[in-house]
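1. Here is my input; please provide its structure:
(one chain, ligands or ions: 3)
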Amino acid sequence: MQTVDSLDPLRRAIESLRRDGPVALVPTMGALHEGHLTLVREARSRAARVVVSIFVNPLQFGAGEDLDAYPRQLERDCALLEAEGVDLVWAPRGDVMYPAGFATNISVSGVSEGFCGASRPRHFDGVATVVCKLFNQVRPDTALFGEKDWQQLAVIRRMARDLDLTRPFADAIIGVPTVREADGLAMSSRNAYLGREEREQAAVLPRAMKTAIAAIESGGDVAASLAALEQALLAGGFAALDYAALADAESLAPLTTRGDRPMRLLVAARIGKARLIDNMAVRPR
Ligand SMILES: Nc1ncnc2c1ncn2[C@@H]1O[C@H](COP(=O)(O)OP(=O)(O)OP(=O)(O)O)[C@@H](O)[C@H]1O
Ligand SMILES: CC(C)(CO)[C@@H](O)C(=O)[O-]
Ligand code: BAL
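-> Ligands and ions are numbered 1, 2, ... in the order given. I've put the predicted structure just below:
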(Lines give C-alpha, C1' and ligand atoms only; values in the text may rest on other atoms or scores of the structure.)
(Ligands and ions follow the chains in the order given, each with its own letter.)
Protein backbone atom coordinates (compact mmCIF):
# COMPACT_ATOMS: atom_id res chain seq x y z
CA MET A 1 0.00 0.00 0.00
CA GLN A 2 1.23 3.45 -0.93
CA THR A 3 0.48 6.67 1.00
CA VAL A 4 0.83 10.01 -0.81
CA ASP A 5 0.30 13.58 0.34
CA SER A 6 0.70 15.66 -2.83
CA LEU A 7 -0.75 15.76 -6.33
CA ASP A 8 2.09 14.56 -8.61
CA PRO A 9 2.66 11.26 -6.82
CA LEU A 10 -1.14 10.87 -6.56
CA ARG A 11 -1.53 11.19 -10.34
CA ARG A 12 1.24 8.70 -11.02
CA ALA A 13 -0.20 6.20 -8.53
CA ILE A 14 -3.75 6.53 -9.89
CA GLU A 15 -2.55 6.11 -13.47
CA SER A 16 -0.87 2.88 -12.52
CA LEU A 17 -3.87 1.57 -10.50
CA ARG A 18 -6.25 2.35 -13.36
CA ARG A 19 -4.37 -0.08 -15.62
CA ASP A 20 -5.66 -2.87 -13.37
CA GLY A 21 -9.34 -1.95 -13.73
CA PRO A 22 -12.05 0.17 -12.05
CA VAL A 23 -11.00 2.32 -9.11
CA ALA A 24 -13.20 2.91 -6.03
CA LEU A 25 -12.76 5.86 -3.68
CA VAL A 26 -13.71 5.91 0.01
CA PRO A 27 -13.47 9.50 1.33
CA THR A 28 -12.90 9.81 5.10
CA MET A 29 -11.66 12.18 7.76
CA GLY A 30 -9.64 9.40 9.40
CA ALA A 31 -9.88 8.08 12.99
CA LEU A 32 -11.12 4.94 11.33
CA HIS A 33 -13.58 2.51 12.87
CA GLU A 34 -15.50 -0.55 11.74
CA GLY A 35 -17.97 1.68 9.83
CA HIS A 36 -15.18 2.98 7.60
CA LEU A 37 -13.71 -0.50 7.19
CA THR A 38 -17.10 -1.77 6.04
CA LEU A 39 -17.05 0.90 3.32
CA VAL A 40 -13.57 -0.28 2.34
CA ARG A 41 -14.67 -3.93 2.13
CA GLU A 42 -17.67 -2.95 0.02
CA ALA A 43 -15.32 -0.95 -2.22
CA ARG A 44 -13.05 -3.96 -2.66
CA SER A 45 -15.99 -6.10 -3.69
CA ARG A 46 -16.95 -3.55 -6.38
CA ALA A 47 -13.65 -2.43 -7.92
CA ALA A 48 -10.23 -3.76 -8.84
CA ARG A 49 -8.43 -1.06 -6.87
CA VAL A 50 -9.35 0.90 -3.75
CA VAL A 51 -8.22 4.40 -2.80
CA VAL A 52 -9.04 5.80 0.67
CA SER A 53 -8.69 9.52 1.29
CA ILE A 54 -7.98 10.85 4.77
CA PHE A 55 -8.38 14.59 5.19
CA VAL A 56 -9.87 16.55 8.09
CA ASN A 57 -11.48 19.20 5.94
CA PRO A 58 -11.40 22.62 7.63
CA LEU A 59 -14.00 24.03 5.19
CA GLN A 60 -16.78 21.87 6.64
CA PHE A 61 -16.23 22.89 10.27
CA GLY A 62 -17.95 26.03 11.55
CA ALA A 63 -16.48 28.55 13.97
CA GLY A 64 -16.47 27.04 17.46
CA GLU A 65 -16.82 23.47 16.14
CA ASP A 66 -14.38 20.64 16.87
CA LEU A 67 -11.81 21.06 14.04
CA ASP A 68 -8.86 21.19 16.46
CA ALA A 69 -10.16 18.42 18.72
CA TYR A 70 -11.06 16.08 15.82
CA PRO A 71 -9.03 12.86 16.31
CA ARG A 72 -6.01 12.49 14.00
CA GLN A 73 -4.21 9.13 13.90
CA LEU A 74 -2.77 8.65 10.43
CA GLU A 75 -0.30 5.90 11.32
CA ARG A 76 -2.92 3.74 13.01
CA ASP A 77 -5.38 4.41 10.15
CA CYS A 78 -2.81 3.35 7.53
CA ALA A 79 -2.08 0.10 9.40
CA LEU A 80 -5.83 -0.71 9.45
CA LEU A 81 -6.17 0.08 5.74
CA GLU A 82 -3.14 -1.96 4.78
CA ALA A 83 -4.65 -4.95 6.61
CA GLU A 84 -7.82 -4.47 4.50
CA GLY A 85 -5.88 -4.64 1.25
CA VAL A 86 -6.29 -0.97 0.31
CA ASP A 87 -4.04 0.05 -2.59
CA LEU A 88 -3.55 3.75 -2.01
CA VAL A 89 -4.08 6.24 0.83
CA TRP A 90 -4.52 9.83 -0.32
CA ALA A 91 -3.73 12.01 2.72
CA PRO A 92 -3.21 15.47 1.21
CA ARG A 93 -1.48 18.19 3.14
CA GLY A 94 -3.71 21.18 3.94
CA ASP A 95 -1.79 23.45 1.54
CA VAL A 96 -2.14 20.89 -1.25
CA MET A 97 -5.93 20.77 -0.90
CA TYR A 98 -6.31 24.51 -0.33
CA PRO A 99 -3.31 26.38 -1.73
CA ALA A 100 -2.94 30.08 -0.94
CA GLY A 101 -5.60 32.04 -2.79
CA PHE A 102 -8.13 29.18 -2.93
CA ALA A 103 -11.48 30.93 -3.49
CA THR A 104 -13.99 28.45 -4.92
CA ASN A 105 -17.13 27.25 -3.19
CA ILE A 106 -19.59 24.58 -4.28
CA SER A 107 -23.04 25.06 -2.84
CA VAL A 108 -25.85 22.56 -3.43
CA SER A 109 -29.34 24.00 -2.94
CA GLY A 110 -32.40 22.14 -1.67
CA VAL A 111 -31.24 18.92 0.00
CA SER A 112 -28.49 20.73 1.90
CA GLU A 113 -30.76 23.34 3.44
CA GLY A 114 -32.56 21.82 6.46
CA PHE A 115 -31.42 19.57 9.32
CA CYS A 116 -27.59 19.59 9.57
CA GLY A 117 -27.51 22.37 6.98
CA ALA A 118 -29.56 24.55 9.33
CA SER A 119 -27.60 23.58 12.49
CA ARG A 120 -24.22 23.86 10.74
CA PRO A 121 -24.33 26.77 8.28
CA ARG A 122 -21.91 26.30 5.31
CA HIS A 123 -21.10 22.74 6.44
CA PHE A 124 -22.40 21.15 3.24
CA ASP A 125 -20.65 23.76 1.08
CA GLY A 126 -17.43 22.55 2.69
CA VAL A 127 -18.35 18.90 2.12
CA ALA A 128 -19.40 19.45 -1.51
CA THR A 129 -16.29 21.49 -2.29
CA VAL A 130 -13.86 18.94 -0.87
CA VAL A 131 -15.68 15.93 -2.34
CA CYS A 132 -15.72 17.60 -5.77
CA LYS A 133 -11.96 18.11 -5.46
CA LEU A 134 -11.44 14.50 -4.34
CA PHE A 135 -13.46 13.26 -7.34
CA ASN A 136 -11.40 15.40 -9.71
CA GLN A 137 -8.12 14.34 -8.10
CA VAL A 138 -8.82 10.59 -8.07
CA ARG A 139 -11.37 10.31 -10.95
CA PRO A 140 -12.90 7.19 -9.37
CA ASP A 141 -15.30 4.90 -11.20
CA THR A 142 -17.27 4.56 -8.00
CA ALA A 143 -17.29 6.24 -4.58
CA LEU A 144 -18.70 4.93 -1.32
CA PHE A 145 -20.31 6.88 1.52
CA GLY A 146 -22.08 5.86 4.73
CA GLU A 147 -25.83 6.13 5.13
CA LYS A 148 -25.09 7.34 8.67
CA ASP A 149 -24.59 10.75 7.03
CA TRP A 150 -27.85 10.49 5.06
CA GLN A 151 -28.13 14.17 4.19
CA GLN A 152 -24.46 14.28 3.13
CA LEU A 153 -25.10 11.35 0.80
CA ALA A 154 -28.06 13.22 -0.74
CA VAL A 155 -25.95 16.36 -1.21
CA ILE A 156 -23.13 14.42 -2.86
CA ARG A 157 -25.49 12.53 -5.18
CA ARG A 158 -27.10 15.81 -6.26
CA MET A 159 -23.71 17.47 -6.84
CA ALA A 160 -22.32 14.50 -8.78
CA ARG A 161 -25.35 14.48 -11.10
CA ASP A 162 -25.43 18.25 -11.51
CA LEU A 163 -21.71 18.60 -12.25
CA ASP A 164 -21.34 15.40 -14.32
CA LEU A 165 -18.70 14.17 -11.91
CA THR A 166 -19.19 10.44 -12.11
CA ARG A 167 -20.07 7.83 -14.67
CA PRO A 168 -22.39 6.05 -15.01
CA PHE A 169 -24.64 8.28 -12.89
CA ALA A 170 -27.04 5.58 -11.77
CA ASP A 171 -24.73 3.62 -9.49
CA ALA A 172 -21.47 5.52 -9.24
CA ILE A 173 -22.22 6.78 -5.73
CA ILE A 174 -22.86 3.90 -3.37
CA GLY A 175 -24.52 4.36 0.05
CA VAL A 176 -23.53 1.78 2.66
CA PRO A 177 -25.91 0.97 5.57
CA THR A 178 -24.94 2.30 9.00
CA VAL A 179 -22.69 0.05 11.07
CA ARG A 180 -23.70 0.01 14.75
CA GLU A 181 -22.20 -0.92 18.10
CA ALA A 182 -23.73 -3.88 19.96
CA ASP A 183 -26.12 -1.54 21.84
CA GLY A 184 -27.32 0.07 18.60
CA LEU A 185 -25.33 3.33 18.70
CA ALA A 186 -24.13 4.27 15.20
CA MET A 187 -20.35 4.07 14.99
CA SER A 188 -18.78 7.52 14.67
CA SER A 189 -15.34 8.99 15.19
CA ARG A 190 -17.04 11.49 17.50
CA ASN A 191 -18.16 8.73 19.91
CA ALA A 192 -14.60 9.00 21.23
CA TYR A 193 -15.60 12.34 22.82
CA LEU A 194 -17.96 10.51 25.19
CA GLY A 195 -17.05 9.58 28.75
CA ARG A 196 -18.00 6.12 30.00
CA GLU A 197 -21.37 7.14 31.44
CA GLU A 198 -22.22 9.31 28.44
CA ARG A 199 -21.35 6.45 26.11
CA GLU A 200 -23.80 4.19 27.95
CA GLN A 201 -26.48 6.90 27.89
CA ALA A 202 -25.95 7.50 24.16
CA ALA A 203 -27.61 4.15 23.36
CA VAL A 204 -30.93 5.78 24.22
CA LEU A 205 -30.73 7.52 20.81
CA PRO A 206 -31.25 4.47 18.56
CA ARG A 207 -33.72 3.00 21.07
CA ALA A 208 -35.84 6.16 21.14
CA MET A 209 -35.69 6.35 17.34
CA LYS A 210 -37.00 2.78 17.02
CA THR A 211 -39.82 3.56 19.44
CA ALA A 212 -40.78 6.67 17.43
CA ILE A 213 -40.67 4.71 14.17
CA ALA A 214 -42.87 1.96 15.61
CA ALA A 215 -45.37 4.61 16.72
CA ILE A 216 -45.39 6.36 13.33
CA GLU A 217 -45.63 3.10 11.38
CA SER A 218 -48.59 2.00 13.47
CA GLY A 219 -50.47 5.18 12.63
CA GLY A 220 -49.42 7.41 15.54
CA ASP A 221 -49.23 11.18 15.23
CA VAL A 222 -45.85 12.24 13.82
CA ALA A 223 -45.44 15.39 15.94
CA ALA A 224 -46.37 13.53 19.13
CA SER A 225 -43.94 10.69 18.29
CA LEU A 226 -41.11 13.19 17.71
CA ALA A 227 -41.95 15.02 20.96
CA ALA A 228 -41.81 11.70 22.84
CA LEU A 229 -38.43 10.99 21.20
CA GLU A 230 -37.10 14.34 22.43
CA GLN A 231 -38.37 13.64 25.96
CA ALA A 232 -36.72 10.21 25.96
CA LEU A 233 -33.38 11.71 24.90
CA LEU A 234 -33.48 14.47 27.51
CA ALA A 235 -34.53 12.04 30.24
CA GLY A 236 -31.79 9.64 29.12
CA GLY A 237 -28.86 12.05 29.53
CA PHE A 238 -28.79 14.07 26.28
CA ALA A 239 -28.37 17.82 26.82
CA ALA A 240 -30.27 19.06 23.79
CA LEU A 241 -31.94 18.04 20.57
CA ASP A 242 -30.76 19.82 17.40
CA TYR A 243 -33.54 18.31 15.32
CA ALA A 244 -35.73 15.25 15.02
CA ALA A 245 -37.74 15.04 11.83
CA LEU A 246 -39.54 12.76 9.45
CA ALA A 247 -38.51 13.44 5.86
CA ASP A 248 -38.86 12.03 2.35
CA ALA A 249 -35.86 9.70 2.01
CA GLU A 250 -34.75 11.16 -1.32
CA SER A 251 -35.79 14.84 -1.49
CA LEU A 252 -35.46 15.29 2.30
CA ALA A 253 -38.67 17.34 2.27
CA PRO A 254 -40.01 17.38 5.86
CA LEU A 255 -43.23 15.42 6.42
CA THR A 256 -45.89 16.00 9.04
CA THR A 257 -47.72 12.75 8.29
CA ARG A 258 -46.61 9.30 7.22
CA GLY A 259 -46.30 9.28 3.43
CA ASP A 260 -46.52 6.63 0.73
CA ARG A 261 -42.88 6.87 -0.38
CA PRO A 262 -39.72 5.75 1.47
CA MET A 263 -39.07 8.03 4.44
CA ARG A 264 -36.31 8.61 6.95
CA LEU A 265 -36.32 9.61 10.59
CA LEU A 266 -33.38 12.01 10.99
CA VAL A 267 -31.99 13.07 14.38
CA ALA A 268 -29.09 15.16 15.70
CA ALA A 269 -28.61 15.57 19.46
CA ARG A 270 -25.94 16.69 21.88
CA ILE A 271 -24.49 14.68 24.73
CA GLY A 272 -21.36 15.70 26.62
CA LYS A 273 -18.92 17.16 24.09
CA ALA A 274 -20.44 15.25 21.17
CA ARG A 275 -23.10 16.10 18.65
CA LEU A 276 -24.39 12.75 17.41
CA ILE A 277 -26.45 12.17 14.27
CA ASP A 278 -28.45 9.13 13.25
CA ASN A 279 -31.19 8.20 10.80
CA MET A 280 -33.37 5.18 10.12
CA ALA A 281 -35.85 4.08 7.48
CA VAL A 282 -39.57 4.56 8.06
CA ARG A 283 -41.81 2.30 6.00
CA PRO A 284 -44.33 4.00 3.71
CA ARG A 285 -48.10 3.54 4.23
N1 LIG B 1 -21.26 3.86 11.41
C2 LIG B 1 -21.03 4.04 10.12
N3 LIG B 1 -21.53 3.17 9.23
C4 LIG B 1 -21.32 3.35 7.90
N5 LIG B 1 -20.61 4.35 7.39
C6 LIG B 1 -20.09 5.25 8.23
C7 LIG B 1 -20.27 5.14 9.64
N8 LIG B 1 -19.64 6.17 10.24
C9 LIG B 1 -19.09 6.89 9.25
N10 LIG B 1 -19.37 6.35 8.05
C11 LIG B 1 -19.01 6.89 6.76
O12 LIG B 1 -17.62 6.98 6.63
C13 LIG B 1 -17.29 8.08 5.78
C14 LIG B 1 -16.29 8.93 6.47
O15 LIG B 1 -16.90 9.49 7.62
P16 LIG B 1 -16.12 10.26 8.74
O17 LIG B 1 -14.67 10.10 8.53
O18 LIG B 1 -16.69 11.61 8.93
O19 LIG B 1 -16.45 9.37 10.00
P20 LIG B 1 -17.52 9.52 11.08
O21 LIG B 1 -17.38 8.41 12.02
O22 LIG B 1 -18.83 9.79 10.42
O23 LIG B 1 -17.04 10.77 11.84
P24 LIG B 1 -17.87 11.92 12.43
O25 LIG B 1 -17.75 11.70 13.86
O26 LIG B 1 -17.09 13.04 11.83
O27 LIG B 1 -19.27 11.91 11.93
C28 LIG B 1 -18.60 8.82 5.51
O29 LIG B 1 -19.09 8.40 4.25
C30 LIG B 1 -19.49 8.32 6.61
O31 LIG B 1 -20.86 8.36 6.29
C1 LIG C 1 -17.19 13.01 2.94
C2 LIG C 1 -16.13 13.62 3.85
C3 LIG C 1 -14.88 12.77 3.85
C4 LIG C 1 -15.74 14.99 3.25
O5 LIG C 1 -14.79 15.62 4.05
C6 LIG C 1 -16.67 13.82 5.27
O7 LIG C 1 -17.74 14.70 5.30
C8 LIG C 1 -16.98 12.53 5.96
O9 LIG C 1 -16.04 11.92 6.43
O10 LIG C 1 -18.16 12.13 6.03
N1 BAL D 1 -19.21 12.53 8.82
C2 BAL D 1 -19.59 13.91 8.62
C3 BAL D 1 -18.47 14.84 8.70
C4 BAL D 1 -18.69 15.97 9.64
O5 BAL D 1 -19.51 15.85 10.57
O6 BAL D 1 -18.03 16.98 9.51
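2. Please make it C-alpha for all contacts and neighbour counts, starting now.
-> Fine.
3. So which residues of this structure form helices?
-> 7-18, 34-46, 74-83, 94-97, 116-119, 123-138, 150-162, 169-172, 196-202, 204-217, 222-235 (DSSP state H).
4. Please spell out which residues along the third one are buried.
-> Of the residues in helix 74-83, Leu74, Asp77, Cys78, Leu80, Leu81 count as buried by neighbour count, 16 or more other C-alpha atoms under 10 Å.
5. who's in contact with the closest residue to ligand 2 within the stretch 151-285 of the chain?
-> Residue nearest to ligand 2 within the stretch 151-285 of the chain: Gln152 (7.1 Å; C-alpha to the nearest ligand atom). Residues near Gln152 by C-alpha atoms under 8 Å, 6 or more residues apart in numbering: Ser112, Phe124, Val127.
6. same thing but at 7 Å, please
-> For Gln152, the contact set (C-alpha atoms under 7 Å, 6 or more residues apart in numbering) is empty.
7. quick one on the thing from earlier: okay, the helices of the chain in a markdown table with distance to Gln60 and mean pLDDT next?
-> Listed next are the helices of the chain as a markdown table, based on distance: least, C-alpha to C-alpha, whole Å; pLDDT from 0 to 100:
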| stretch | distance to Gln60 | mean pLDDT |
| --- | --- | --- |
| helix 7-18 | 22 | 98 |
| helix 34-46 | 19 | 98 |
| helix 74-83 | 20 | 98 |
| helix 94-97 | 13 | 98 |
| helix 116-119 | 11 | 97 |
| helix 123-138 | 4 | 97 |
| helix 150-162 | 11 | 96 |
| helix 169-172 | 23 | 64 |
| helix 196-202 | 24 | 98 |
| helix 204-217 | 25 | 98 |
| helix 222-235 | 27 | 98 |
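8. Which of these sits closest to ligand 1?
-> The nearest among the helices of the chain, by C-alpha to the nearest ligand atom, is helix 34-46 at 3.9 Å.
9. Close to ligand 2: what parts of this protein are there?
-> Contact residues (C-alpha under 6 Å from any ligand atom) of the chain with ligand 2: Pro27, Thr28, Met29, Asn57, Val127, Val131.
10. related to what we said a few turns ago, could I get the helices of the chain as a markdown table with distance to ligand 1?
-> Compiled in a markdown table, these are given as follows (distance: least, C-alpha to the nearest ligand atom, whole Å):
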| stretch | distance to ligand 1 |
| --- | --- |
| helix 7-18 | 20 |
| helix 34-46 | 4 |
| helix 74-83 | 11 |
| helix 94-97 | 16 |
| helix 116-119 | 12 |
| helix 123-138 | 10 |
| helix 150-162 | 7 |
| helix 169-172 | 14 |
| helix 196-202 | 14 |
| helix 204-217 | 12 |
| helix 222-235 | 19 |
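11. Throw those helices into TSV and include distance to Arg275, thanks.
-> Formatted as TSV, these follow (distance: least, C-alpha to C-alpha, whole Å):
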stretch	distance to Arg275
helix 7-18	34
helix 34-46	18
helix 74-83	23
helix 94-97	25
helix 116-119	11
helix 123-138	14
helix 150-162	15
helix 169-172	30
helix 196-202	11
helix 204-217	12
helix 222-235	13
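12. what sits against the nearest residue to Arg18 once chain neighbours are set aside?
-> Excluding the flanking residues, the one nearest Arg18 by C-alpha to C-alpha, 6 or more residues apart in numbering is Arg49, at 7.6 Å. By C-alpha under 7 Å, 6+ apart, the contact set of Arg49 is Leu17, Gly21, Pro22, Val23, Ala24, Asp87.
13. Of the residues you listed - the most surrounded one?
-> In terms of neighbours by other C-alpha atoms under 10 Å, the contacts of Arg49 top out with Ala24 at 27 neighbours.
14. these two touch, right, it and Arg139?
-> No - applying C-alpha atoms under 7 Å as the test, Ala24 and Arg139 come out as separate, 9.1 Å apart.
15. ok, how many other residues are close to Val111?
-> 20.
16. meant to ask about Ala13
-> Neighbours of Ala13 using other C-alpha under 10 Å come to 18.
17. Just give the closest residue to it, not the sequence neighbours.
-> Leu88 (7.7 Å).
18. Check Thr28 too.
-> Ile54 (5.0 Å).
19. Contact partners for that neighbour?
-> With the criterion set at C-alpha under 7 Å, 6+ apart, Ile54 makes contact with Pro27, Thr28, Met29, Gly30, Trp90, Ala91.
20. In stretch 96-115, which residues have enough neighbours to count as buried?
-> Met97, Tyr98, Ser107, Val108, Val111, Ser112, Glu113, Gly114, Phe115.
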